[in-house]
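> Whatever this is, show me its structure:
(chains A and B)
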2 protein chains.
Amino acid sequence: MSTTAIKPRPLPTILLVGLVPVAAWFVTRPLLDPIPPLPALYASVGMSIFAFLATIHLVPRLGPVFIAANLKGRDLLKIYNDPIPESMGLVCAAIYISGLMLFIPFAFSTSIMHRASAAGPPEGINVVDFPLYQLSVYLSSLLSLLTATMLGFLDDVFDIRWRHKLPIPIIASIPLLMVYYAERGNTHVVVPLPLRSFFGTLLNLGPLYYIYMSLLSTFATNSINILAGINGSEVSQALIIGLSVILNDLLYLPWPIDFRVPLHLLGNKAEVEVGGVWSAGMSYGSRELVERHLFSLYFMLPLVAVCVGFMYHNWYPARAFPGDTFCYVTGMAFAVIGIQAHFSKTLLLFFIPQIFNFLLSCPQLFGLVPCPRHRVPRFDADTNLLFPSKTVFEKPPSRLTTYVLRILAALGLTELTVHPTSGMVLEATNLTILNFFLIRFGPMNEKRLVQVLMCSQIAGSALAFVIRYGLASLVYDGDRR
Amino acid sequence: MSTTAIKPRPLPTILLVGLVPVAAWFVTRPLLDPIPPLPALYASVGMSIFAFLATIHLVPRLGPVFIAANLKGRDLLKIYNDPIPESMGLVCAAIYISGLMLFIPFAFSTSIMHRASAAGPPEGINVVDFPLYQLSVYLSSLLSLLTATMLGFLDDVFDIRWRHKLPIPIIASIPLLMVYYAERGNTHVVVPLPLRSFFGTLLNLGPLYYIYMSLLSTFATNSINILAGINGSEVSQALIIGLSVILNDLLYLPWPIDFRVPLHLLGNKAEVEVGGVWSAGMSYGSRELVERHLFSLYFMLPLVAVCVGFMYHNWYPARAFPGDTFCYVTGMAFAVIGIQAHFSKTLLLFFIPQIFNFLLSCPQLFGLVPCPRHRVPRFDADTNLLFPSKTVFEKPPSRLTTYVLRILAALGLTELTVHPTSGMVLEATNLTILNFFLIRFGPMNEKRLVQVLMCSQIAGSALAFVIRYGLASLVYDGDRR
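Numbering: from 1, shown residues only, chains lettered A, B, ... in the order given. Sure thing, here's the model as predicted:
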């Protein structure tokens, strides 16, 4: 046994203890008079704070247990060989899902509803009750999340090959699809303005919609899973996407204040409305839209909280690894809210860096370019810097491969090593966004690289908001169904 | 690496292939005109046959994968040392829960309901639709089962100590309790006749009812888990309890035939009614009772199917071990239907051998008598027989312990080894039902012992039916709520 040089990061205990009464107040707020307009949202905030506290405390506590059960790995980009607990996403998932389960009575309990309706007609849109329909949607979402956790953990234990595990999220989306079908979920999509002369305003995709939903969960899960390999990469993606979804949700809630963001600078007449008790911002008075975005918030607030707690231990140099479990459960959480709250197109906009990474990876994923087991950047122990890692062509690449690689190299997406006389491609940098950053910005250390990744994710989200609220009005009217 | 002498049991392939069209017919029957009175029940039977086929095929196929992932154990009661795959209950649980998920559209789909209601008013009680309320109950049950699977597998991977894992089923029952609370589930119990002058006909247990529900899941899970240790013991218990529940459920369904079982021989006026389209046997025309027992069948039919498939490989000499996962998921399945279909008292009657084993084990579980890590019978390699295993008193037992042991010995439940002169207790056979059988019937081989266990389980179920339908009318009237 090696003595562990990498000790758990110390916790700011006083700060954390101070959060307990805050969380307790939020959780009990729906039970106190007068009942606020969105009572369950208070409970959700409170439970999220508790989830954060549980994560930040339990991850270091359970690390040795995971190492003892052989759930461990060494950090490939470090000089030391200490075992780091792997699959700790299981702890995050357990806390996240337990929190969502304990939240059920707050969102769906008839007693809170009765007390609120006894208080007289409220001002504005108050979501104090959820119909049974919403409860079964919520429960099917939990089932999908739990299935994703289970499958992710099995993946960690049995170490399934990546080609076999690509369709696993489809299995996890079955509960979602089954309940969607049993309840005759909406399979219509709003057709973009230019195509309406062909398809009409609404197009019924029928069975194709179910395929779309299962592909969405596959994409959300795997796109996070393949953008991995350096400390904090998976968690920071989930964190920033989660925060972007929350920001988007807040635009649709009834707030006591009210302001507008004119978008004339983007060259169109669209405006972004925020708040206003009655019109509830972008919901324009639609109770259904408010409920959908509340639903999304109930899933995103604890997810972000758990990510923040886990990030503390996964940050460079990492004391804990997320494992596949983490990617499965966060990816599934995004797919769930995209499907159930009906904003999958907006959601996909928050995945711009992942889409870029996926498209860039395609030649390696689909066998055009050899794909080594790990595509993480190469670590140079002397300088403590990361360099682009390379894939070596053991036999001469085909003409198609050479052609594709030369285009990618011309676009600055890869760097090739060619034979000095024949011009044959001998090596290419692995086709990932991380290697791309290293090519563009030069070698950097691991902490800087994850910061660059986070900046690109934030920039992607900013672009997403511009597209969604600025440019989307060019191809969609306000019709959201 | 040792070469595996214990090969997987060969499968009767032709017989199994013949079952595929039978299963397919049952699954598609609800979609064919004319719609039968209980369409989803056909689908449930069909899916159960598929679940049986999947289990019997996948268990031997996945065995090597489990061994490779270090989920293996050796059989303590055999002369060979071959690694046997452990935790294979995970495969059973995965098939069982997947089947229940895929079953959702059959039981809750609006399209089947619409086609059925378009066919005109049916004769008798037809359960062609389930309200949304039932769907959320179904989903919360699935969540509890999946949580139990997850926790059982974690128990197998992390090898949690038994004192710590005793309360784990309470966690798995949280989804059940939360939805029960959110939907204002019934917390009243019918008071037995002799006590009605004190409490009235119905007693509202309130929060106590939730404690009762979580204790029921703890009992059902752990009582199967502690009656373990010989090939086939866990699976045979689950199988016979499941079959007993199915038999009980069938008494409440509408059948085209109709007969009565007079119980005068038991000295009271009760009768057991079976079938009759309108009165639906013991349901006496209550649609709610029919729905409850259908709900129970939907969970029990695939459970029994999976148990039969697994039994084939777990039967002496076992090629696969169930692990804690199996006990957790089956125990939780029984608790779920006992709670959701409101017949927990009847359910407990089917646990008579488990209750006996639990009560007998109490002195060891609660520290009065030393409890070794394994309490399974002792294997004698020369005769291939099992003998009662013994716990040794390293220090003299207390007066209370001696007193309890002497009573148990007088009742024939244990055998003591006493000091020839001082009369001090030196050894006692371990307090389990298996050792009790070996004391009463003498040493026997492992196969015979599991057969004795199965006989006791069947006898217990027969006794349960006599109590439920013969004697219960002495303390309860027909009021079932």
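> element containing A:G73?
If you go by DSSP states H and E, A:G73 is part of strand A:72-74.
> model confidence over that strand, on average?
The pLDDT scores in strand A:72-74 average 90.
> Show me what it is packed against.
strand A:83-85 (3 or more C-beta pairs under 8 Å, 6 or more residues apart in numbering or on different chains; DSSP states H and E). C-beta: built from backbone N, CA, C; applies to glycine.
> right, is the strand it packs on up against chain B?
No - among the residues of strand A:83-85, none lie within reach of chain B under C-beta under 8 Å from any C-beta of the partner chain; the closest is 12.2 Å away.
> Can you report how many residues neighbour A:I241?
29 (other C-beta atoms under 10 Å in any protein chain shown).
> CA atoms only for the strand or helix carrying it - export them in PDB, please.
Assigned by DSSP H and E, A:I241 belongs to helix A:233-250. Output of helix A:233-250 as PDB, limited to C-alpha atoms (Å, rounded to 0.1, in the frame of the first residue of the first chain):
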ATOM      1  CA  SER A 233     -13.800  18.900 -17.400                       C
ATOM      2  CA  GLU A 234     -17.000  16.800 -17.000                       C
ATOM      3  CA  VAL A 235     -18.200  18.600 -13.900                       C
ATOM      4  CA  SER A 236     -17.600  22.100 -15.400                       C
ATOM      5  CA  GLN A 237     -19.600  21.300 -18.500                       C
ATOM      6  CA  ALA A 238     -22.500  20.000 -16.500                       C
ATOM      7  CA  LEU A 239     -22.300  23.000 -14.200                       C
ATOM      8  CA  ILE A 240     -22.300  25.700 -16.900                       C
ATOM      9  CA  ILE A 241     -25.000  24.000 -19.000                       C
ATOM     10  CA  GLY A 242     -27.100  23.600 -15.800                       C
ATOM     11  CA  LEU A 243     -26.600  27.300 -15.000                       C
ATOM     12  CA  SER A 244     -27.500  28.300 -18.500                       C
ATOM     13  CA  VAL A 245     -30.700  26.300 -18.300                       C
ATOM     14  CA  ILE A 246     -31.600  27.900 -15.000                       C
ATOM     15  CA  LEU A 247     -31.000  31.400 -16.400                       C
ATOM     16  CA  ASN A 248     -33.300  30.500 -19.300                       C
ATOM     17  CA  ASP A 249     -35.900  29.200 -16.900                       C
ATOM     18  CA  LEU A 250     -35.900  32.300 -14.900                       C
END
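> in that helix, what counts as buried?
A:233-246, A:248-249 (16 or more other C-beta atoms under 10 Å in any protein chain shown).
> and if you look at stretch A:165-176?
Across stretch A:165-176, burial judged by 16+ other C-beta under 10 Å covers A:K165, A:I168, A:P169, A:I170, A:I171, A:A172, A:S173, A:I174, A:P175, A:L176.
> and what of stretch A:377-389?
Neighbour-count burial for stretch A:377-389, counted by 16+ other C-beta under 10 Å, picks out A:P377, A:R378, A:F379, A:L385, A:L386, A:F387, A:P388, A:S389.
> Show the pLDDT at the residue lying closest to A:S236 once chain neighbours are set aside.
Distance criterion C-beta to C-beta, 6 or more residues apart in numbering or on different chains; nearest residue to A:S236, sequence neighbours excluded, is A:M454 at 4.8 Å. In this model, A:M454 is scored at 97, pLDDT.
> Quick one: name whatever helix or strand follows the helix or strand in which A:M454 is found.
Taking DSSP H and E as the criterion, A:M454 maps to helix A:446-466. The C-terminal neighbour of helix A:446-466 among helices and strands, as given by DSSP H and E, is helix A:472-475.
> which helices and strands sit right next to the host helix or strand of A:I95?
Using DSSP H and E, A:I95 sits in helix A:89-102. Here helix A:89-102 touches helix A:39-68, helix A:132-158, helix A:287-314, helix A:323-340, helix B:174-182, going by 3+ C-beta pairs under 8 Å, 6+ apart.
> tell me the angle it makes with helix B:132-158.
150 degrees (axes from the mean of the first three to the mean of the last three C-alpha atoms, to 10 degrees).
> got the angle between helix A:89-102 and helix A:287-314?
Using the same axes, to 10 degrees: helix A:89-102 against helix A:287-314 is 150 degrees.
> Tell me which residues are up against helix A:89-102.
A:47-48, A:50-51, A:54-55, A:58-59, A:62, A:142, A:145-146, A:149, A:152-153, A:156, A:298-299, A:302-303, A:306-307, A:309-310, A:322-329, A:333, B:143, B:171, B:174-175, B:178 (C-beta atoms under 8 Å, 6 or more residues apart in numbering or on different chains).
> repeat for stretch A:440-452
A:77, A:230-233, A:236, A:316, A:377, A:379-380, A:383-387, A:412, A:434, A:437-438.
> list the buried ones in stretch A:355-369?
For stretch A:355-369, burial by neighbour count (16+ other C-beta under 10 Å) applies to A:F356, A:N357, A:F358, A:L360, A:S361, A:P363, A:Q364, A:L365, A:L368, A:V369.
> ok, of these, which one's closest to A:P8?
For the buried residues of stretch A:355-369, the closest approach to A:P8 (C-beta to C-beta) belongs to A:N357, at 30.9 Å.
> wait, isn't that closest one in contact with A:I226?
Yes - using C-beta atoms under 8 Å, A:N357 makes contact with A:I226 at a distance of 6.7 Å.
> any common contacting residues for these two?
Taking C-beta under 8 Å, 6+ apart as the contact rule, A:N357 and A:I226 both touch A:T432.
> A:F437 touches A:M454, doesn't it?
No - the criterion here is C-beta under 8 Å, and A:F437 misses it with A:M454 at 11.3 Å.
> neighbour count winner among the two?
Neighbour comparison, A:F437 and A:M454: the larger count goes to A:F437, with 20 against 17 (by other C-beta under 10 Å).
> Not counting its neighbours along the chain, what's nearest the more buried one?
In space, A:F437 is closest to A:V452, 5.1 Å off (C-beta to C-beta, 6+ apart).
> ditto for A:K72
A:P83 (4.1 Å).
> what's the burial count for that neighbour?
A:P83 - counted by other C-beta under 10 Å - has 19 other residues nearby.
> what do you get for A:S214?
That count, for A:S214 with other C-beta under 10 Å as the rule, works out to 20.
> Tell me which other helices or strands the host helix or strand of it touches.
Using DSSP H and E, A:S214 maps to helix A:207-226. Counting by 3+ C-beta pairs under 8 Å, 6+ apart, the packing neighbours recorded for helix A:207-226 are helix A:168-172, helix A:174-182, helix A:233-250, helix A:323-340, helix A:344-349, helix A:352-365.
> change it to 6 Å
When contacts are defined as 3 or more C-beta pairs under 6 Å, 6 or more residues apart in numbering or on different chains; DSSP states H and E, helix A:207-226 sits against helix A:168-172, helix A:323-340.
> and the stretch 251-400 of chain A, which residues reach chain B?
Residues of the stretch 251-400 of chain A lying close to chain B (C-beta under 6 Å from any C-beta of the partner chain): none.
> And the residue of the stretch 251-400 of chain A closest to chain B?
The minimum distance from the stretch 251-400 of chain A to chain B, using C-beta to the nearest C-beta, falls at A:T325 (11.0 Å).
> Contact partners for that residue?
A:S87, A:G89, A:L90, A:A93, A:G152, A:F153, A:D156 (C-beta atoms under 6 Å, 6 or more residues apart in numbering or on different chains).
> Kind regards, and thank you for your time.
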